[in-house]
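>>> Here is the input, now give the coordinates:
(chains A and B)
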Amino acid sequence: AQKVTQAQTEISVVEKEDVTLDCVYETRDTTYYLFWYKQPPSGELVFLIRRNSFDEQNEISGRYSWNFQKSTSSFNFTITASQVVDSAVYFCALSPPLEGSQGNLIFGKGTKLSVKP
Amino acid sequence: GAGVSQSPSNKVTEKGKDVELRCDPISGHTALYWYRQSLGQGLEFLIYFQGNSAPDKSGLPSDRFSAERTGGSVSTLTIQRTQQEDSAVYLCASSLVPDRGLNGYTFGSGTRLTVV
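Here you go, the predicted structure:
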């Protein structure tokens, strides 16, 4: 069975603090994709990153960075020097390989991040 | 259009009534998904359309739920005899196949359904 677990339901930090959102996944597929989405109060899900299971390189994009560790089935997301605009619900998601599957996304329950000024 | 458009943005209905939710995907996107987001929950897959293929309905929670996609574009999700547990935000997403997921699935802003 495929499953995504985001153990942190809510996190509250003060602006400029660093914060890490945890994501642990379960799958029997050898090839899969991992995603992070941001859902601001407006409700629309915003794509942040897609990671192929074959690529374990960490990725940095501005204040965002992602740590993919296949050995622990984790795909954690770190925001450096958080800002109030980072306040949102963040979802981690898993997708089976594109071939032979509809590529449906399996989501975690999300982590609500509140960044206070 | 520029993004995935959903209507209405909010819908309040009485228990037992039928509702229709509309999704207009990005032009050219052949894959279309419906998800449901209940309060405090993650996104639950409902149904998937790909081109002219038969839809994958494996996520529909009951036979009160149905969806269609006309002309490979606009999709309508219908909930018959609504129940209070149907209250949720219904999200639609589309993607370009075979580039499915490469740049992420594009989601609409959702329809917030409240059954009273």
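>>> Got the phi and psi for the residue nearest the centre of chain B?
When CA atoms, centre = their mean is applied to chain B, the residue found nearest the centroid is B:Trp34 (3.1 Å). Dihedral pair for B:Trp34: phi -110, psi 130, per degrees, to the nearest 10.
>>> That one and B:Leu77 touch, don't they?
Yes. With contact defined as CB atoms under 8 Å, B:Trp34 reaches B:Leu77; the gap is 5.4 Å. Where C-beta positions appear, they are placed from N, C-alpha and C, glycine not excepted.
>>> how about the residues of chain B near chain A?
Within chain B, the residues that sit near chain A (CB under 8 Å from any CB of the partner chain) are B:31, B:33, B:35, B:40-45, B:48, B:50, B:56, B:59, B:89, B:91, B:93, B:95, B:98, B:100-110, B:112.
>>> and those residues, which of them are in strands?
Counting by DSSP state E, the residues of chain B next to chain A place B:31, B:33, B:35, B:43-45, B:48, B:50, B:89, B:91, B:93, B:95, B:106-107, B:112 in strands.
>>> just the residues of chain A that are near chain B, which are they?
Near chain B, when you scan chain A using CB under 8 Å from any CB, you find A:4, A:6, A:33, A:35, A:37, A:42-45, A:47-48, A:50, A:91, A:93, A:95, A:98, A:102-110.
>>> Quick one: buried ones out of these?
For these, a burial check counting by 16 or more other CB atoms under 10 Å in any protein chain shown picks out A:4, A:6, A:33, A:35, A:37, A:43-45, A:47-48, A:50, A:91, A:93, A:95, A:98, A:102-110.
>>> Let me know the closest of the ones in strands among the residues of chain B next to chain A to B:Val19.
The closest of these to B:Val19 turns out to be B:Arg112 (CB to CB; 11.7 Å).
>>> ok, that closest one touching B:Leu91?
No. Using CB under 8 Å, B:Arg112 is not in contact with B:Leu91, being 10.2 Å away.
>>> nearest residue to A:Ala81 other than its sequence neighbours?
Leaving out its chain neighbours, the residue that sits closest to A:Ala81 by CB to CB, 6 or more residues apart in numbering or on different chains is A:Lys16, at 5.2 Å.
>>> cool, and B:Thr114?
Take B:Thr114 and drop its neighbours on the chain: the residue closest to it by CB to CB, 6+ apart is B:Val12, 4.7 Å away.
>>> which parts of the helix or strand encompassing the one you found are buried?
According to DSSP states H and E, B:Val12 maps onto strand B:10-13. For strand B:10-13, burial by neighbour count (16+ other CB under 10 Å) applies to B:11, B:13.
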